[in-house]
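Asks: Sequence below, structure please.
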Amino acid sequence: MPRFGGLATMMRLPSVDDPAALDVGFVGVPLDLGTSHRSGTRFGPRQIRAESVLLRPYQMATRAAPFDALRVADLGDVAINPYNLIDSIARIERAFDAIVAAGCRPITLGGDHTITLPILRALHRRHGPIGLIHIDAHADVNDTMFGEKLAHGTTFRRAQEEGLLDPLRVAQIGLRGTGYTAQDFDWCRDQGFRVVQVEECWGRSLMPLMQELRARVGGGPVYFTLDIDGIDPAYAPGTGTPEIAGLTVPQTLELIRGAWGLNLVGADVVEVSPPYDPLGNTALLAANLAFELLCVMPGVPRRTCA
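Replies: Below is the predicted model:
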């Protein structure tokens with residue numbers, strides 16, 4: 001079958017219904033009810049899958065070989081309610097409860113960043129407090145947005161308040177832009193989060209930073225959440241709340257590849273908005289980053305040179 005034919009599953013993998021048959025499952029959550037500016041992330045999972053058709057099974061730089069050791073497939077999409085955010089969050093939580101209970105590690109294709117809260121709730125029930133690597137332009141710790149407690153900009157405020165996170169094992173990387181108050185990122189620091197504003201990243205390799213963060217977040221279960229707007233809009237324009245002067249693609253790869261060896265219990269790539277991505281570049285990047293996250297899941301071997 002040529003790459004442009006067949007069903008558009010992630011990486012052209014089999015589509016399965018039972019997470020118990022898998023070690024890792026790709027899951028789509030086509031939600032944009034939590035967005036605050038430009039909508040369209042409901043189309044993200046489908047477009048990421050479409051752009052994933054060129055991905056091959058081996059990572060040639062790290063020599064990661066995920067399919068040599070893990071059972072991986074596409075679990076399809078969570079059936080959200082397009083008219084009700086609260087109901088959608090409940091549906092997502094139930095879906096991920098089943099995935100996590102089956103022993104399957106989810107790699108989720110978003111969808112806006114609201115989806116990470118119900119995923120963390122499901123993971124917390126199995127693993128307890130979670131460490132977090134969070135790449136984003138925004139801290140997503142608003143108390144409310146337009147008076148609402150649940151939105152893509154409140155996710156990690158709610159997660160911390162609910163005790164889902166181990167705050168001393170949380171790192172937020174790439175934060176930048178303008179704020180509502182001069183103290184917008186200080187709430188995170190007050191919780192014990194390691195906040196890496198983007199200015200710390202400009203013009204340098206992030207491998208040393210990732211060594212520091214590994215020591216900080218290791219020692220327990222870790223979730224990796226990647227908002228595509230953490231990357232500079234020159235590379236990822238198709239998102240709802242773009243901010244200039246973000247991370248480069250090579251820096252983002254350094255951060256993901258540096259997570260190899262951590263106890264990753266899941267990951268997501270969120271906030272891809274295809275209506276603002278006319279050439280598919282953002283979705284192509286997201287598909288590659290999702291594969292990179294697969295390559296650092298526990299149990300993935302790295303082939304030695306022949």
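
Asks: quick one: contacts of stretch 70-81?
Replies: Contact with stretch 70-81 is made by 9-11, 13-17, 19, 21-31, 33, 45, 49, 66, 87-88, 91-92, 95-96, 99, 104, 106, 294, 297, 299-300, as judged by C-beta atoms under 8 Å, 6 or more residues apart in numbering. The C-beta positions use only the backbone N, C-alpha and C, and glycine is treated the same way.

Asks: next one: stretch 53-66
Replies: 3-4, 8, 11-12, 24, 67, 72, 257, 260, 287-288, 291-292, 294-297, 300-305.

Asks: how about 7 Å then?
Replies: 3-4, 11-12, 67, 72, 257, 287-288, 291, 294-295, 297, 300-303 (C-beta atoms under 7 Å, 6 or more residues apart in numbering).

Asks: Restricted to buried residues, select the residues you listed in PyMOL.
Replies: Buried members of the contacts of stretch 53-66, defined by 16 or more other C-beta atoms under 10 Å, are picked up in PyMOL with:
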select buried, resi 11+12+72+257+287+288+291+294+295+297+300
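
Asks: From residue 88, how far out is residue 82?
Replies: 8 Å (C-beta to C-beta, to the nearest Å).

Asks: again with residue 145
Replies: Residue 145 is 16 Å from residue 88, by C-beta to C-beta.

Asks: follow-up on the earlier one: okay, residue 82 and residue 88: which has more neighbours?
Replies: Taking other C-beta atoms under 10 Å, residue 82 and residue 88 do not tie; residue 88 has more neighbours (25 against 13).

Asks: Surely the more buried one forms part of a helix?
Replies: Yes: assigned with DSSP: H, G, I helix; E, B strand; the rest coil, residue 88 falls within a helix.

Asks: how many neighbours does the closest residue to it other than its chain neighbours have?
Replies: Nearest residue to residue 88 in three dimensions, chain neighbours excluded: residue 80, at 4.1 Å (C-beta to C-beta, 6 or more residues apart in numbering). Neighbourhood size, residue 80 [other C-beta under 10 Å]: 24.

Asks: quick one on the thing from earlier: just checking, which of the contacts of stretch 53-66 belong to helices?
Replies: Those of those mapping onto helices are 67, 257, 287, 288, 291, 294, 295, per DSSP state H.

Asks: Make TSV from these and add pLDDT and distance to residue 202 to it.
Replies: Shown next, in TSV, are the ones in helices among the contacts of stretch 53-66 (pLDDT from 0 to 100; distance: C-beta to C-beta, whole Å):
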residue	pLDDT	distance to residue 202
67	98	36
257	98	20
287	98	26
288	98	23
291	98	27
294	98	29
295	98	26
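
Asks: If we only consider these, which is nearest to residue 158?
Replies: When the ones in helices among the contacts of stretch 53-66 are compared for distance to residue 158 (C-beta to C-beta), residue 294 wins out at 27.5 Å.

Asks: quick one: buried residues of stretch 269-287?
Replies: 269-274, 276-277, 282-287.

Asks: any idea which of the residues you listed is closest to residue 118?
Replies: residue 270 (12.6 Å).

Asks: Just read off the phi/psi values of the closest residue to that closest one other than its chain neighbours.
Replies: Using C-beta to C-beta, 6+ apart and skipping residues adjacent in sequence, the residue nearest residue 270 is residue 110, 3.2 Å away. Main-chain torsions, residue 110, degrees, to the nearest 10: phi -90, psi 170.
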